[in-house]
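>>> Pasting the sequence and the predicted model now:
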Amino acid sequence: MKCILFVLLVLALTLAACAPKQEASSGAVLKVTDVTVEKTYSANDLKALGAVQASDKGVSYVGVPLKVLLQDAGIDPSKLSAVKAVASDGFTANYDPSLFLADNTLVDYARADGPLAEDEGTFRMVVPDQGGKLNPRILVEIDAIP
């Protein structure tokens, strides 16, 4: 009996190891939320909202202004006290109104010359001239704080 269980376990592990791997970026979504709203976006959803460029440290990024994304999610940016960007590793960056209402604060889905770099993920924040800590990569969530 133990031998049969062992063989089944080995077979199950072998089949799991041979299963096709799902690419994380192909189905990546960005969650935008506040206390009453939760909406998810794919890269194509962001592209449909428009394309604006902003440059930071010599790299031009393409994305959607954060305030436009918030409005599309049904959140009024003018009624917020802060916005928090959350990366996949748990890193967060907090923005006050002077940053999240700025026209050049973008949620990016590409570089001007092609896709985002692999270490940037599907989405990233770009807040020009604000330093790396306010520009999280591999962005997974935007939390609007009333």
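That came through, no problem.
>>> The residue most central in space within the chain: what's it in contact with?
Central residue check for the chain by C-alpha atoms, centre = their mean: the C-alpha nearest the mean position is that of residue 139, 2.9 Å away. With contact set as C-beta atoms under 8 Å, 6 or more residues apart in numbering, residue 139 has these partners: 30, 85-88, 107, 121-125. In short, each C-beta sits where N, CA and C put it, glycine included.
>>> How about residue 73?
32-33, 37, 39, 144.
>>> What's the end-to-end length of stretch 113-127?
Length of stretch 113-127, first residue to last, C-alpha to C-alpha, to the nearest Å: 19 Å.
>>> Distance from it to the middle of the chain?
For stretch 113-127, the distance between its averaged C-alpha position and the chain's averaged C-alpha position is 9 Å (C-alpha atoms, centre = their mean, to the nearest Å).
>>> switch to numbering from 22
With 22 as the first residue, the last one maps to stretch 134-148.
>>> Please list the outside residues in contact with it.
Contact partners of stretch 134-148, identified using C-beta under 8 Å, 6+ apart, comprise 46, 49, 51, 64, 67, 75, 77, 81-82, 84, 87, 106, 109, 114, 116, 120, 123, 125-132, 155-161.
>>> Now which of the residues you listed would you call buried?
With burial judged by 16 or more other C-beta atoms under 10 Å, the buried subset of the contacts of stretch 134-148 is 49, 51, 64, 67, 75, 77, 82, 84, 87, 106, 109, 114, 116, 120, 123, 125-132, 155-161.
>>> Tell me which of these fall in strands.
Using DSSP state E, the subset of those located in strands is 51, 75, 77, 82, 84, 106, 114, 116, 127-132, 160-161.
>>> so residue 155 makes contact with residue 123?
No - no contact is recorded between residue 155 and residue 123 when judged using C-beta atoms under 8 Å, the distance being 11.3 Å.
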